[in-house]
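**Student:** Sharing a sequence plus its predicted fold:
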Amino acid sequence: MIHSLFLINNAGDIFLEKHWKSVISRSVCDYFFEAQEKAMEPDNVPPVIRTPHHYLINIYRDKIFFVSVIQTEVPPLFVIEFLHRVAEMFQDYFGDCSEVAIKDNVVIVYELLEEMLDNGFPLATESNILKELIKPPTILRSMVNSITGSSNVGETLPTGQLSTVPWRRAGVKYTNNEAYFDVVEEIDAILDKSGTTVFAEIQGVIDACVKLSGMPDLTLSFMNPRLLDDVSFHPCVRFKRWESERVLSFIPPDGNFRLMSYHVNAQNLVAIPVYVRQNISFFESGSSGRLDITLGPKQTMGKTVECVVVTVHMPKVVLNANLTATQGNYTYDPVTKILVWDIGKLNQQKLPNLKGSLSLQSGAPKPEENPSLNIDLKIQQLAISGLKVNRLDMYGEKYKPFKGVKYVTKAGNHGHFVVTNWKLHNILASPFYV
Amino acid sequence: MLESSKESLKLEAMKRVVGLIAKGKNASELFPAVVKNVANKNLELKKLVYVYLVRYAEEQQDLALLSISTFQRALKDPNQLIRASALRVLSSIRVPIIVPIMMLAIKEAASDLSPYVRKTAAHAIQKLYSLDADQKDHLIEVIEKLLKDKSTLVAGSVVMAFEEVCPDRIDLIHRNYRKLCNLLMDVEEWGQVVIISMLTRYARTQFISPWKEDGVFENSEKAFYESDEEKRKSAEETKPYAMDPDHRLLLRSTKPLLQSRNTAVVMSVAQLYWHLAPKHEVNIITKSLVRLLRSHREVQYIVLQNIATMSIQRKGMFEPFMKSFYVRSTDATHIKTLKLEILTNLANEANISTVLREFQTYVKSQDKAFAAATIQAIGRCATNISEITDTCLNGLVLLLSNRDETVVAESVVVIRKLLQTQPSEHSDIIKHMAKLFDNITVPMARASILWLIGEYCEHVPKIAPDVLRKMAKTFHNEEDIVKLQTVSLAAKLYLTNSKQTKLLTQYILNLGKYDQNYDIRDRTRFIRQLIVPSERGGALSKYARRILLAPKPAPVLQSAFKDRDRFQLGTLSHTLNSKATGYLELSDWPPMAPDQSVRNVEVAEAMKEWSPAVGKAKSSKSDDKFYSDSGEEEDEQAADSGSDEEGGSEGSTRTPVSLSSEAESENSETSEDSSQSEKSSDSGTGVKKTTTQKNKKLQQAKKPRKLVSVCDRVCVCVCQQLSSPVFVPVHTYELLHRMTGKGLAAQYHFSRQPCIYDDRMISVQLTFSNNGDHTLENIHISEKTSAGQNIHCFSPIECLEPEKSVTVSMGVDFNDSTQAASFQLCTKAEGFNVSIQPAVGELLLPVTMSEQDFSKEQGKLQGMNESSATIAMTPESITSQPLHRKVVNMANVGVVPSGQNNVHRFAAKLVSSGALVLVCVVQKDSGAQLTVNTEKTIIGSMLLRELQTVLSAP
């Protein structure tokens, strides 16, 4: 399956290589560089590249190219998915998946890669298992190790590897038993110039941070599970119970994980929480243009809209922008032609406005299309789809006298809290005609 | 530092060495120093040495051999992690000399108690195969053995090894097919992908196409049944096409995996449905595939490619999700292009206006390559949907005034293609384009216009010569492709309108004659010979008009994904659109269903041996003959099966029912049993021939419904986490001695499998052998004497020849007591009273549970329900493995993973009542404390007594 892996940074240096079968010369990456050059931008590099003797499947993540070398037929998604897992594992171990972090921990990276693949076939990809085999680096541990000479490597086979719940490590102990669930929803919408919704959908994920001792068996139920149209689960979720009762029943992994991701039924009309009035025009004469954007809240169910950022990709001929914002700051990058207006909180009383003139390249014809606006925003404490978690029950553990149970009685629902933020992408505001 | 005596220094040095390897620097000269540390106790150091060894052993083979003995020792280590990693490294160092050692190690590891080690062995198979392909036959043996493994951990890896080593040995899969389907949910994600793609291939060779029912529904009905000789069944069936239950099982067991978080799993299920499911069921994959589009860029790329292929064949599948394929300004170019492709495929009369409106925005995209691709897409829509051709043409003509050159050029090219389909109506467009000609600089576009004018010069008689005149002026500045078209234009005009253009043509031909490019010189010479009458070339010039102005077929604008469906979806080959190394073709559906019974676990062994005989028998023997054995016998059979639970309900198919259910009972026998029966069947070939043959026919009749229910039950069992029994040597008990039985001897043993007749029954295997000198006929059970015990009889054995034996299975509900089940065993002539005495350990079924669950359950079963004893232990049994084996041999219990070395826990449940039975052995210095907890105190104390004797025995 996966023959070798090369990690390449943006500058084109191969800073790590690992081979699971016989060694393949790093010159094979030349084909990759060739494709990279052709693609201009890192995003445009084709994920699958054919070379005379090998196939290169690559992903681009956190400014690093993960290039894997394949020799025989294999489902490409298999490799892509695995490479993303590798990146996530680095993230999990080192806090971030950057070149520096990888170079600093090259031995652990090597040990990890050795455990994750055997002969190119994935062996252990569950972070709970790997963490038992190879302890993540901490300052304390490295100090203790250097004094006592004990090692970073687990001595026995993690029990999870053999059990029916491979994702959970055994013998978890916490003094404070807690479980947090974050419901994060995203709206994806395209609006036309008049503000009518062309396309809108809601996707959500439930990220969990579970720190519970022993082998807890959790059940999470929703007030309105019918909203969920299409779901995908972490392997720990018992699918049969979801099918029959629409509850999430699972023995959670220890620590952070993504419990489920879902898609909300498109039939329910998506409430767009803001409205935009925009007018961008270019004049035929005088090589100048005018810009006027106003944003206002709409259907926010009493919550404040935060972290509002408007991004405009200007046409090439726009040289500079001379604008005034009633709220927030704007920046215009004349090289990339991107105008960013960071508004912050949206104020109900005083609507933020950005207004001013654009200077165009003299002599150039006026751009025929109006640029599109992308809007990012966030609303705390609200799931726009209206999804609500009903309750969380725990079975199978009996730390009765301890905090866990106290927590339960006090909060009534195991004290999970719901953070909701959501983004609005891609409000593409440009005229349509047929 | 590596030579240092301090471990921390060594470790530090090794870390640096690994750092060097990671950077790709050569560290091979350190080999001797590193290899010395291979036996080091420090685990981390050891691992790093392993990393080093695997990297450089190939280059320094002699020195690498020094380390082999260490691995061989480690292979015997009690710690399974060390055993496994030793095998991993041993198999990873690619030194050909040690192939025999590897082979031995793999064989040993394949029967290791730890599934983790067995998994490693499966990986090692591939490595050894790539090192030395000559070992293939031996490796296939190991694969065959591992395929029978019931651990979910092993399944994925061994199927991978199977795919690598012997993907053509489909016959190895037959007996494991159902098991794999049932285990699939619990296999780890990566294994799922491999197993699913293997099963897809398998299913295409083993099942008949479910697609027939669409379309030719009515017609196929009759033919279908005639071919299967199943006319009587058709009355009972409502649906004409009966899907093989195994086929259905596969579809059903993969469906939940569409909800996996792993995109590769979702994709592989999707392709399985695409290639295997009946047409109306394929739609369920749509939603999941669309979901994948929200994943990473690379995932999107692959998924969109697959959707593009699917959308050509089945527009309806993705049409409701069309908006998901709208292009975002942030998409990468290759993703945009793919989305465009899909939108084009999805366009139809109903939605074309929306699609076109969407396209209009794309045309104005700043990404010019994408805008050009959009124009091509519009062109394709226009040809596909004739209603909008005109609208599209007009739209494209508007685009001709676009300021961007690439857009204009692309429009011209597309217009040219469109016009070719209906030139006569659009002469004004050609005129318009001719006017634009001066402003267009892109060569391809200019060439296209020239070609258009040339081709349809009769529609634009006035403009054409003028364009040619302009071209003559600029000829030397043009690109080659434009020059070529100019020459063609000149030639065509010369033929149609020679009066005006004769001189111009001559001039252009002269220019072409001295052009730098030899293609143009060549073409010019050819044209000149063709059109200008000369002495020698006269013959050809007569036909010049016909050659040059022949009506040309319009180009077909079609998707680049048109023929991608020749590759299995989701594969690398599909992505590349060319065959990748090691790509395995998906075969076409077989016209006739191959024998289904090969998947029946036990019968399969027998089937294979006799398959030629069966084939012959089928052709020579007619149905009549089959039933004509003897009237009397048939009556007896019917009477027998009348007493059978299910026999009565089926009317005319009574005999078949009992037989087929018998055959199924054998599906689920352990592989170990099958090997045993293989032996017995060797001797009993003649006898079994008829049974098997019967089975086969009858299964076809009966199986669809029954098997589904069996499968259901298996699924349920999996959910309850009933674990598979550990392999133990078989204890055989005597049922009937050959002296008392007058030649008929019978033995029985407990197969330790969940009984398929009833959940509350225990399955018992009976082996009959005929030691007498005459054939015994019609062996059956006549009366059940014991009260309160439910017995499911085996179906009568028609005849047993001397010196032959046959194995059958039956189910007995012992009601959780050790009271013997008595019944009368009859032959045609005699009857013998016999009884089956169950051992207490056989009344159980193993259960998997975690240590926590165990202690929780144990807490509930205190007091009366607990019985305990102290035993003296021999020193040999101090280690855990002999102890486990002893307990497991004696009773059918499952081992509970334990954190402590001196505590051993086992869990099981009573077959009939389902009550839990928990066994706990705590080892102390010279003895052990044995505790049994169960609701059924009698069973508990009996089990305790038995265990006591077993454990205290040396």
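**Tutor:** The structure has been received and is ready for your questions. Numbers count the residues shown, from 1 in each chain, chains lettered A, B, ... in the order given.
**Student:** Can you show me the helices along the stretch 201-350 of chain A?
**Tutor:** A:239-245 (DSSP state H, counting those that start in this stretch).
**Student:** Give me every residue in it lying close to chain B.
**Tutor:** A:201, A:203, A:214-215, A:229-235, A:239-240, A:243, A:258, A:261, A:263, A:313, A:315-316 (CB under 8 Å from any CB of the partner chain). Using the backbone N, CA and C atoms, a C-beta is placed for each residue, glycine as well.
**Student:** Now do the contacts for the residue of the stretch 1-150 of chain A found nearest chain B.
**Tutor:** Using CB to the nearest CB, the closest approach of the stretch 1-150 of chain A to chain B is made by A:Thr72 at 3.3 Å. By CB atoms under 8 Å, 6 or more residues apart in numbering or on different chains, A:Thr72 lies in contact with A:1, B:580-582.
**Student:** and it, what pLDDT?
**Tutor:** Note on A:Thr72: pLDDT of 85.
**Student:** and A:Glu73, that one's in a helix?
**Tutor:** No: using DSSP: H, G, I helix; E, B strand; the rest coil, the secondary structure at A:Glu73 is coil, not a helix.
**Student:** I figured it hits B:Gly582, correct?
**Tutor:** Yes: between A:Glu73 and B:Gly582 there is a contact under CB atoms under 8 Å: 4.3 Å.
**Student:** Of those two, which one has the most company?
**Tutor:** A:Glu73 (23 against 15; other CB atoms under 10 Å in any protein chain shown).
**Student:** Backbone dihedrals for the more buried one, please?
**Tutor:** phi -60, psi 130 (degrees, to the nearest 10).
**Student:** do the one 5 residues further on as well
**Tutor:** The phi and psi values for A:Phe78, taken as degrees, to the nearest 10, are phi -60, psi -50.
**Student:** mind checking the SS state of the nearest residue to A:Lys103 once chain neighbours are set aside?
**Tutor:** Sequence neighbours aside, A:Phe15 is the residue nearest to A:Lys103 in space, at 6.3 Å (criterion: CB to CB, 6 or more residues apart in numbering or on different chains). Of the three states, A:Phe15 takes strand under three-state DSSP.
**Student:** Buried members of the residues of the stretch 201-350 of chain A next to chain B into PyMOL, please.
**Tutor:** To isolate the buried members of those in PyMOL, using 16 or more other CB atoms under 10 Å in any protein chain shown:
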select buried, chain A and resi 201+203+214+215+229+230+231+232+233+234+235+239+258+261+263+313+315
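**Student:** residue contacts, B:Thr254?
**Tutor:** Counting by CB under 8 Å, 6+ apart, B:Thr254 touches B:184, B:196, B:269, B:272-273.
**Student:** shouldn't A:Ile338 be in contact with A:Tyr332?
**Tutor:** Yes: taking CB under 8 Å as the definition, A:Ile338 is a contact partner of A:Tyr332 at 7.5 Å.
**Student:** show me what contacts the residue nearest to A:Lys103?
**Tutor:** So A:Phe15 contacts A:7-9, A:99, A:102-103, B:23 (CB under 8 Å, 6+ apart).
**Student:** Selection in ChimeraX covering whichever of those are buried, please.
**Tutor:** Command for ChimeraX that selects the buried part of those, burial taken from 16+ other CB under 10 Å:
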select /A:7,8,9,99,102,103
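**Student:** The stretch 1-150 of chain A: helices as residue ranges?
**Tutor:** A:29-39, A:76-94, A:99-104, A:106-116, A:127-133, A:139-148.
**Student:** which one of the ones you listed lies closest to B:Leu843?
**Tutor:** Judged by CB to CB, the one of the helices of the stretch 1-150 of chain A that comes nearest to B:Leu843 is helix A:127-133, at 36.4 Å.
**Student:** The closest one - contacts with which helices or strands?
**Tutor:** helix A:76-94, helix A:106-116, helix A:159-162, strand A:255-264 (3 or more CB pairs under 8 Å, 6 or more residues apart in numbering or on different chains; DSSP states H and E).
**Student:** Tabulate those (a markdown table), appending mean pLDDT.
**Tutor:** A markdown table is the format used below for those (pLDDT from 0 to 100):
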| stretch | mean pLDDT |
| --- | --- |
| helix A:76-94 | 90 |
| helix A:106-116 | 87 |
| helix A:159-162 | 57 |
| strand A:255-264 | 83 |
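**Student:** deepest of those, which one?
**Tutor:** helix A:76-94 (a mean of 23; mean count of other CB atoms under 10 Å in any protein chain shown).
**Student:** which residues does the closest residue in space to B:Gln313 that isn't next to it in sequence contact?
**Tutor:** Distances taken as CB to CB, 6+ apart place B:Asp565 nearest to B:Gln313, at 6.6 Å, with adjacent residues excluded. For B:Asp565, the contact set (CB under 8 Å, 6+ apart) comprises B:309, B:312-313.
**Student:** Nothing else from me, thank you.
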